[in-house]
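In: Based on what follows, work out the 3D shape:
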Amino acid sequence: MEELLDVKVERVAHGGWCVGRHEGRVVFVRHALPGERVRARVTEETSRFLRADAVEIVEPSPDRVTPPCPYAGPGRCGGCDWQHAALPAQRLLKAAVVAEQLKRLAGIEREVVVEEVPGAPGGLGWRTRVRFAVRQDGVAGLRRHRSHTVEPVDACLITHPEAEAAGVETKSWRGASAVEVIASSAGDRAVVVTPKGRRGVAVPDLDAPAAVLVDHGRGRTEAVRGRGGVRERAGGREFEVTGSGFWQVHPGAADALSEAVLGFAAARPGERVIDLYCGAGLFTAALAEAVGHEGAVTGVESDAAAVRDARRNLRDLPQVRIERANVDHALGKMDAADLVVADPPRTGLGQGVTGGIAALSPARIVYVSCDPATLARDIALFGGLGYELAGLRAFDAFPMTHHVECVAHLTRR
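Out: Below is the predicted model of the structure:
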């Protein structure tokens, strides 16, 4: 019989973990909550700490609930971190993580409130874009935590009903390495298949009408059935997004984040604005309308398909220019800006990009981040360049998971 550790859980940590101790040694525990005493099975051991799964709850937290999904739990699907916590408790946990990262990495003490995003009653049925991994035998599923093992699922409870209607999980996908299902805010549905190598994929009949696309990599997507992308609606505009191109996965997130960005940006007519990592142009469009025809907005994006989408989506706004380039290279060619907006990937900005932004001497910077650790690191870097945190909003755009979306407002001291 394997040995189980008796662990008293002290606090939450970034990444869906809780921190406890066993005989003086630090243990990072999943499937636990702060204040609980659990019996935990070790899943990984290093010289400095242990990782473990709570398999028995000896003293439960009052915030503990029964996970609604049968695939949530130790050794099962790794997609959700907090299904065992009540929704209000999940938001408090995420707020604690954001506050802890700001204090530890940026030296900033700040009370954080994680706001609910409309469109996900009960924290379920919100994910409009879901990527399933495919086993050798063609079965689609979701990966286990910190593993390449695919966990087959009959249905995913955080998937939006319009995406779930396609029935991707119940079909055979031999010859594919991954299958993504998309349900757009404009009523479009698409399935994007990534083949293994150069072999073809026999696409099965789906349970609901959907466009079918094949992702050949390096930005090349081929439509084999229906449209080559989906339409999304936000801020009173319609956006075209090609294939697996980036768009917020929560149905209310695009509008919520746009409102937060515009509120912090306070863009005025005639201002010069740079929108970094602009994607299909969500924030670029709103900023362009704020600065008007006498202003100018430059969107920078490295992905070729996203650049094509942004140029098409914003062709009615002559004050907009979309530049295809790596952000660090583009910044080196720019002179000045009144306002910079950045929405980088999870890796954040880093020293080179923060320095490039500061060199433009913008009065205001608005930073959209999906990772509290890289956000706090970059806020610290901006602090050394003469900028301070003037405002912060956090959004529960990924219920049941540890992920949280933040919008930070920095001003020049």
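
In: And the strands in the stretch 1-150 of the chain, which stretches?
Out: Here the stretch 1-150 of the chain has its strands, by DSSP state E, counting those that start in this stretch, at 5-13, 17-22, 25-30, 37-45, 50-59, 114-116, 129-134, 140-143, 150-152.

In: closest to Leu349 out of these?
Out: The closest of the strands of the stretch 1-150 of the chain to Leu349 is strand 114-116. By C-beta to C-beta, the value is 22.3 Å. Just so you know, the C-beta spots here come from the backbone N, C-alpha and C atoms, and that holds for glycine as well.

In: How about that closest one, which residues are buried there?
Out: Applying a neighbour-count criterion of 16 or more other C-beta atoms under 10 Å, one finds Val114, Glu116 buried in strand 114-116.

In: ok, now stretch 24-40?
Out: In stretch 24-40, counting by 16+ other C-beta under 10 Å, buried: 27-38, 40.

In: Which single one of these is nearest to Ser177?
Out: Arg30 (26.5 Å).

In: What sits closest to the closest one if chain neighbours are left out?
Out: Nearest residue to Arg30 in three dimensions, chain neighbours excluded: Asp53, at 5.4 Å (C-beta to C-beta, 6 or more residues apart in numbering).

In: re earlier: to Ser185, which of the strands of the stretch 1-150 of the chain lies closest?
Out: Checking the strands of the stretch 1-150 of the chain against Ser185 by C-beta to C-beta gives strand 129-134 as the closest, at 11.2 Å.

In: thinking again about what came up before, who does the residue nearest to Arg30 form a beta bridge with?
Out: Arg30, Arg41 (DSSP bridges).

In: where along the stretch 51-200 of the chain do the helices fall?
Out: Remark: helices assigned in the stretch 51-200 of the chain by DSSP state H, counting those that start in this stretch are 87-106, 161-164.

In: how close does Arg268 sit to Ala85?
Out: Noted for Arg268: a distance of 42 Å to Ala85, by C-beta to C-beta, to the nearest Å.

In: more crowded one of these two?
Out: Applying other C-beta atoms under 10 Å to Arg268 and Ala85 shows that Ala85 carries more neighbours, namely 23 against 13.

In: mind listing what the nearest residue to Pro161 once chain neighbours are set aside touches?
Out: Nearest residue to Pro161, sequence neighbours excluded (C-beta to C-beta, 6+ apart): Gly125, at 5.6 Å. The neighbours of Gly125, taking C-beta atoms under 8 Å, 6 or more residues apart in numbering as the test, are Leu157, Ile158, Thr159, His160, Pro161.

In: quick one: which of those is nearest Val98?
Out: For those, the residue nearest Val98 by C-beta to C-beta is Ile158; the value is 21.1 Å.

In: my guess is the closest one meets Met400, correct?
Out: Yes: under the criterion of C-beta atoms under 8 Å, Ile158 makes contact with Met400 at 5.5 Å.

In: shared neighbours, those two?
Out: Contact with both Ile158 and Met400 is made by residues Cys80, Gly123, Leu124, according to C-beta under 8 Å, 6+ apart.

In: so what's the nearest residue to Ala267 once chain neighbours are set aside scoring on pLDDT?
Out: For Ala267, ignoring the flanking residues on the chain, the nearest one in space by C-beta to C-beta, 6+ apart is Ala290 at 3.8 Å. What the model reports as pLDDT for Ala290 is 98.

In: oh, and call the first residue 756 from now on, that's how I've got it
Out: All set: I'll call the first residue 756, so the last point we hit is now Ala1045.

In: helix/strand/coil for Ala1045?
Out: Three-state assignment for Ala1045 (DSSP: H, G, I helix; E, B strand; the rest coil): helix.

In: any idea how far Val1075 is from it?
Out: Applying C-beta to C-beta to Ala1045 and Val1075 gives a distance of 12 Å.

In: So these two - more neighbours on which side?
Out: More crowded of Ala1045 and Val1075, by other C-beta under 10 Å: Val1075, with 26 against 18.

In: hmm, back to that, name the residue in Ile913 and Met1155 with the higher neighbour count.
Out: Shown here are Ile913 and Met1155; by other C-beta under 10 Å, Met1155 has more neighbours (27 against 24).

In: Show the contacting residues for the nearest residue in space to the more buried one that is not next to it in sequence.
Out: Spatial nearest neighbour of Met1155, chain neighbours left out: Cys835 (4.3 Å); criterion: C-beta to C-beta, 6+ apart. Listed by C-beta under 8 Å, 6+ apart, the contact set of Cys835 reads Pro822, Cys824, Ala827, Ile913, Met1155, Thr1156.

In: Next, the contact list for Val872, please.
Out: Val872 makes contacts with His1005, Gly1007, Ala1008, Ala1011, Phe1150, Asp1151, Ala1152, as judged by C-beta under 8 Å, 6+ apart.

In: how about the helix or strand containing the fifth one: buried residues?
Out: When you say that, I think you mean Phe1150. Using DSSP states H and E, Phe1150 sits in strand 1142-1151. Neighbour-count burial for strand 1142-1151 flags Tyr1142, Leu1144, Leu1147, Arg1148, Ala1149, Phe1150, Asp1151 (criterion: 16+ other C-beta under 10 Å).

In: picking that back up, compute the distance between the residue nearest to Arg785 and Val889, please.
Out: For Asp808, the distance to Val889 (C-beta to C-beta) stands at 26 Å.

In: Which of those two has more residues huddled nearby?
Out: Neighbour totals were compared for Asp808 and Val889, and Val889 leads with 24 against 18 (other C-beta under 10 Å).

In: wait, Ser1144 sits on Arg865?
Out: For residue 1144 the amino acid is Leu, not Ser. Yes: proximity of Leu1144 to Arg865 meets the contact threshold set by C-beta under 8 Å, at 7.4 Å.

In: Identify the contacts common to those two.
Out: Contacts common to Leu1144 and Arg865, judged by C-beta under 8 Å, 6+ apart, are Leu857.
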